[in-house]
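Engineer: here is a sequence with its predicted model. Questions after.
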Amino acid sequence: MTKCPNMSKCRLLERLAVAEPRRAAETKRAYCQTCHSICARYLLDHELGQERTPADIQPGDLVRAMEIIERSPWRASGPLAQSGAHPN
Ligand code: SF4
């Protein structure tokens, strides 16, 4: 078990900490401190960059995350990445 490297800058956790602290604690237990590799936000942040991760994506939105990654020209194997324009 490794902690998510995005914990200190995760926009979802920041919002939940203010608006829904109990849910923030549950999210940390379920994903951030245990299984970040299956978090939809982590996958999007890692693949496309945090600035391209939709604000409303929840950790359990894996199907939606995979669809976004598949369609994005910014994914690691996408045309923009192939052109050298990928910012990551
Ligand atoms: S596991 Fe997901 S929700 Fe938790 S800090 Fe990482 S990106 Fe954010």
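Structural biologist: That came in fine, so what should we check first? Residues are numbered from 1 along each chain as shown.

Engineer: which bits of the protein sit near the ligand?
Structural biologist: With CB under 6 Å from any ligand atom as the criterion, the chain comes near the ligand at residues 4, 6-7, 10, 12-13, 27, 31-32, 36, 39, 41-42, 45, 59. Glycine gets a C-beta too; all of them are placed from N, C-alpha and C.

Engineer: any idea which of those residues is least confident?
Structural biologist: On pLDDT alone, residue 45 ranks lowest of the residues of the chain next to the ligand, at 92.

Engineer: which is the next helix or strand following the helix or strand where residue 25 lies?
Structural biologist: If you go by DSSP states H and E, residue 25 is part of helix 21-27. Helices and strands here follow DSSP H and E; after helix 21-27, the next one along the chain is helix 40-48.

Engineer: could you check the angle helix 40-48 makes with the helix or strand following that following helix?
Structural biologist: Next helix or strand after helix 40-48 toward the C-terminus (DSSP H and E): helix 62-71. Here helix 62-71 runs at an angle of 10 degrees relative to helix 40-48 (axes from the mean of the first three to the mean of the last three CA atoms, to 10 degrees).

Engineer: average pLDDT for helix 62-71, rounded please.
Structural biologist: The predicted model gives helix 62-71 an average pLDDT of 94.

Engineer: from start to finish, how long is stretch 24-43 in a straight line?
Structural biologist: Using CA to CA, to the nearest Å, the end-to-end distance of stretch 24-43 comes out at 19 Å.

Engineer: for it, what is the distance to the chain centroid?
Structural biologist: On the basis of CA atoms, centre = their mean, to the nearest Å, stretch 24-43 sits 9 Å off its chain's mean C-alpha point.

Engineer: ok, now stretch 13-26?
Structural biologist: Taking the mean of its C-alpha atoms, stretch 13-26 sits 16 Å from the chain's own mean (CA atoms, centre = their mean).

Engineer: what comes up buried for the helix holding residue 25?
Structural biologist: Taking 16 or more other CB atoms under 10 Å as the neighbour-count basis, helix 21-27 is seen to contain the buried residues 24, 27.

Engineer: which helices and strands sit right next to it?
Structural biologist: Applying 3 or more CB pairs under 8 Å, 6 or more residues apart in numbering; DSSP states H and E, we find helix 21-27 packed against helix 11-19.

Engineer: thank you kindly, that will do.
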